[in-house]
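>>> From the sequence below, what's the structure:
(2 chains)
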Amino acid sequence: MTNQDPAPSSRGALRRLLVVLAIALGAAIYAYGWNATNISLKEVQDPIRQASVSRALRELLSPDLFARSRTEQVFNAPFAIGCPEGEPEPTRRDDLEGDAYVIFSPGCADQDEVIAVEGFHLPANAIASIRIRRESGQALPFKLVRADGTVSEETAFDVDNSGYFYVQVKVPRGRGISNQTLPLEIQTISPTGWPRLSQTTKNVVEKMVETIFLALMATTLAVPISIAISFLAARNLMRQVHLPLGNVLVGFVLLPVGGALGYLLLGPLGRLAVGWGKDLWLGLISPVVTVAAFGVVARLSARLRLGGAGHRVQALVMNLLLLVAVVIVLGALGGVFIWLGEQLTGNVTRYLGNFVGTLGQLVDFTIEWIAALGGAIIVSSFGATWSAIALRTVHAPLSNILGAALGALSGAILLAFTAYIGTQAVLLGLLTAIVAAVLGGQATVLAYERLFRRPSIMLRRRRREDVSAEQAARSTLFIIGAVLTFLFAAYVLDLLRAIVDERPPSGRLMDLGLISVRVYIAQAALMGAVLGGLAGGLAGTQTSFPLGMAAYNTTRTILNALRSIEPLIMGIVFVIWVGVGPFAGVLALTLHSIAALGKLYSEQVENIDAGPIEAIQSTGANRLQTIVYAVWPQIVPPYIAFTMYRWDINVRMSTIIGFVGGGGIGFLLQQQINLLRYNQAGVAVLAIAIVVSVLDYASAAIRERLV
Amino acid sequence: MLRIDHLTKIYDNGVHALKDVSFDVPDGQFLVIIGLSGSGKSTLLRCINRLIEPTDGRILWNDVDITAATDEELRLIRRRIGMIFQHFNLVRRAPVITNVLAGRLGYTNPAWSLINHFPREDKQKALEKLARVGIRDKAYIRADQLSGGQQQRVGIARALMQEPELMLTDEPVASLDPATSHSVMKYLEQLNREDGITILCSLHFLSLARTYADRIIALKDGRMEFDGGPNEIDDRRFRDIYGEDAVRVEIS
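Numbers count the residues shown, from 1 in each chain, chains lettered A, B, ... in the order given. Take a look at the predicted model:
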């Protein structure tokens, strides 16, 4: 052993030094943290603050839960101020109403003198006070004297549960009451009857119900949307979804076309149907007729067995007819709901009327957009499947030329759209550059593959090291291309100026004959056309495009961004939009729940057994069938469990969403705290604690049973 | 006829699962594929119905290029190819009858099937297929209540619902005990003999392969190592396929 470690002791010393340094660094970090968070013992010990906190805590812990009705009784006894000649009586008994009596000692006294008063058989548990009434009717209260002889400001004292009290009081001072016998009044206020819930409790219960329903509405509104999103955000489902680039591009280009067609052609139809619905009878008949007509056509169409292209045209026509039927039925029902909402105005039916009326209005608002969405989906998916056949026989160089053309169109649409969003808010302007960067990076990688890699080498004799080296090369090229494009886009679109000056990018208009476009959007579209054309041309229409992963990444990014924004902040925005009240809270919690549940659900989808998916796919089932038969049965129990969990979270969150005006019990709590009514705030705090812990327990029990 | 033509599969992580594999399967043959774990048997079977996308090469079935089919065409091809899995791949929480009916998904109206509605003929047929594999009485029991052998028979019934011309069976007996293994293999043999279904079956045990195969193909590290009759595998060939240290395990 010639080459041993040099002097182990020095290494030990080094290690010790490192440990000391680490401890010192840790201490420094905590010292900074201590200062940054203003931890101060002086405030803790301040007696004024201690007094306030103990008062606040005492009141919070004595919640104003119950109240009893109170009766006031006044007992009269004459009392002489300034004793008559001679020695004053040491004690004097005065009989009051019923068997009640008081003993004064001494029997009379002058102003400012202290006397003891002892009472018997007065109303039990009453709060009492003693006062003397002048001839003018004014009452002069007797102040209580403490055991040490000092005079307090208090005048009220307690009568014990046998109706006895003993107090020392000071005779009040007043002009012209000396040497008179005046009526002395002992006023008792005693609780009677059973304790009832106080008004505070009633308010709190009412708001708590509102809170629970707020959470329920937010959860139920979020669940269907989250379920749909969760499949898009599940890696295992989306990874398999690949389409040739040509089809994807055709589908993408047709999206706005289909949307516009749906909006322009079917939108008016939907509006017409809403009008029918408001007539009631027409509104009830038209959906039935529509469904029946569609059923007949569907039956006829099913008999028709066309092959190849004919079959596809038939499928398109049937889908379009289905969309027409859906728009008519939805519109007519929306109209009927609006009509119902106007009719149901009775005391109880008002609730139902308001509910269906709002649903009807929702249809009324969105019918054109539903038509547009349907049109976009149908036209785009038809384009994608049709082009799958048409583009299969297309080979290079035609496939590259087609790819370039389609890519240029898609890129222009994509960047024009993101640029349009960018004109609305400064930060969103960055999106244009980011999307351009992704396109640019992709184009760089494709150019490299085109120029330096032969496909034959790619397929044969590839070792693992080669693969990883190639991956590294691709990633590097992607990053270089993306960064360069980002910088270029940021420069051309003047993003730096926009962000520093906090103003959306240039709004100058450019006249293009038929339409005028903002220069900024036109620049972005041009850039998109070049980048998209480049990428599409290099890749050609045959390249397999990971459509699923693209959707997955987009969905995940949006979900993560949404989830990181607290519902309180969303609440502020929605309060501005829909005003103070529980509706704003519902919207804020719904949005946050969609993001949170979308992620939780999608992780459940990722954890399922892949076997049934394989099995169902191998039977020739389509994607929707695969989800319904292989995925859905596996995810129902965890979905229910997570929904319960989310409701639980939403109840907890809705207790504070009121602090920003989002309705629910938080609103009440904030008011009471601001008015320093801690007794009443205590009721709200208690209610929150009870409801949250009950729900916590219930959801835990249900989850345990399901998972 | 099924023609595998220079089939190559390289996974994204660089694993070379199939290397230039080519062979033909005449209609009605019972072909057994043997080889060690990781030799590419499952990949080969899954490339045929494109549960796994091949990297290169073609698969022609009755002169239709499966590898070039669009999604829509692929669905139509898949519904004529049944598949049976080592772990049965049933939807465990669903009743047996639903699992069997799922075999009809490629044929039924997609909209109706989404609400679990199947034509009456299909339900009738599902019960017939269950009767054929001897578990008609288990139709309305949840799939996870059945034993392994029964579950695999549900898997067979599901594949039969497709009225397949070709059956891909991926180690159908690897999760079963020897006696059950034989009973499941017997059902496959019956389908092959009586219904004329072409069967491609991957197996671990050479003894089972010898009993049921018309022809055996051996894969080793993604390459074809052997192609011939069940009795042509002698000790030397056996060691070529399974490696020098291998010992024959008989399953009776």
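
>>> quick one: buried residues of the host helix or strand of residue A:572?
Residue A:572 is part of helix A:567-578 when elements are defined by DSSP states H and E. In terms of neighbour count (16 or more other C-beta atoms under 10 Å in any protein chain shown), helix A:567-578 has its buried residues at A:567-568, A:570-572, A:574-575. Just so you know, the C-beta spots here come from the backbone N, C-alpha and C atoms, and that holds for glycine as well.

>>> Tabulate those (CSV), appending pLDDT and distance to residue A:119.
Shown next, in CSV, are the buried residues of helix A:567-578 (pLDDT from 0 to 100; distance: C-beta to C-beta, whole Å):
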residue, pLDDT, distance to residue A:119
A:567, 90, 58
A:568, 90, 56
A:570, 92, 61
A:571, 92, 56
A:572, 92, 58
A:574, 93, 60
A:575, 92, 56
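
>>> And the residue of chain A found nearest chain B, what's its pLDDT?
Nearest residue of chain A to chain B (C-beta to the nearest C-beta) works out as residue A:620 at 2.5 Å. pLDDT for residue A:620: 90.

>>> Could you do residue A:98 as well?
We have a pLDDT of 82 for residue A:98.

>>> can you pull the contacts of the closest residue to it other than its chain neighbours?
With sequence-adjacent residues excluded and distances taken as C-beta to C-beta, 6 or more residues apart in numbering or on different chains, residue A:98 is closest to residue A:121, at 7.0 Å. Residue A:121 sits next to A:98-101, A:163-164 when contact means C-beta atoms under 8 Å, 6 or more residues apart in numbering or on different chains.

>>> any idea which of those residues is closest to residue A:582?
residue A:163 (49.4 Å; C-beta to C-beta).

>>> Is the closest one in contact with residue A:101, as I believe?
No: look at residue A:163 against residue A:101 with C-beta atoms under 8 Å: they stay out of range, at 10.6 Å.

>>> Are there residues contacting both of the two? Which ones?
Joint contacts of residue A:163 and residue A:101 (C-beta under 8 Å, 6+ apart) are A:119-121.

>>> Next step: those restricted to strands.
Judged by DSSP state E, strands contain the following of those: A:119-120.

>>> Can I get the shared contacts of residue A:163 and residue A:101 in CSV including pLDDT?
Compiled in CSV, those are given as follows (pLDDT from 0 to 100):
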residue, pLDDT
A:119, 92
A:120, 92
A:121, 91
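
>>> can you pull the pLDDT of residue 48?
No chain was given, so I picked chain A. Looking at residue A:48, its pLDDT reads 89.

>>> actually it's chain B I care about, not the one you picked
At residue B:48, the model reports a pLDDT of 94.

>>> Tell me how far it lies from chain A.
10 Å (C-beta to the nearest C-beta, to the nearest Å).

>>> Surely that residue touches residue B:169?
No: the criterion here is C-beta under 8 Å, and residue B:48 misses it with residue B:169 at 11.6 Å.

>>> tell me, what's touching those two both at once?
The contact lists of residue B:48 and residue B:169 share residue B:200, where a contact means C-beta under 8 Å, 6+ apart.

>>> the more surrounded of those two?
Neighbour comparison, residue B:48 and residue B:169: the larger count goes to residue B:169, with 27 against 24 (by other C-beta atoms under 10 Å in any protein chain shown).

>>> which residue sits closest to residue 180, ignoring its sequence neighbours?
Just so you know, I chose chain A. Residue A:180 sits nearest to residue A:81 (C-beta to C-beta, 6+ apart), 6.0 Å away.

>>> ah, I was thinking of chain B
Of all residues not flanking residue B:180 in the chain, residue B:149 sits nearest, at 3.7 Å (C-beta to C-beta, 6+ apart).

>>> Could you pull up the mean pLDDT of the helix or strand hosting that neighbour?
Per DSSP H and E, residue B:149 falls inside helix B:148-161. Regarding helix B:148-161, the rounded mean pLDDT is 93.

>>> starting at the chain centroid, how far to that helix?
12 Å (C-alpha atoms, centre = their mean, to the nearest Å).

>>> Report the strands that pair with the next helix or strand after it, each with its relative direction.
Note on helix B:148-161: by DSSP H and E, the next helix or strand toward the C-terminus is strand B:166-170. Strands adjacent to strand B:166-170 in the sheet, as given by DSSP bridges, are strand B:81-84 (parallel), strand B:198-203 (parallel).

>>> Would you mind putting the CA coordinates of the longest one into PDB?
The one in question is strand B:198-203. Extracted in PDB, the C-alpha atoms of strand B:198-203 (Å, rounded to 0.1, in the frame of the first residue of the first chain):
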ATOM      1  CA  THR B 198     -54.900 -19.200 -37.700                       C
ATOM      2  CA  ILE B 199     -53.200 -19.100 -34.400                       C
ATOM      3  CA  LEU B 200     -49.900 -17.300 -33.400                       C
ATOM      4  CA  CYS B 201     -49.100 -18.300 -29.900                       C
ATOM      5  CA  SER B 202     -46.000 -17.400 -27.800                       C
ATOM      6  CA  LEU B 203     -45.000 -19.900 -25.200                       C
END
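
>>> All set now, cheers.
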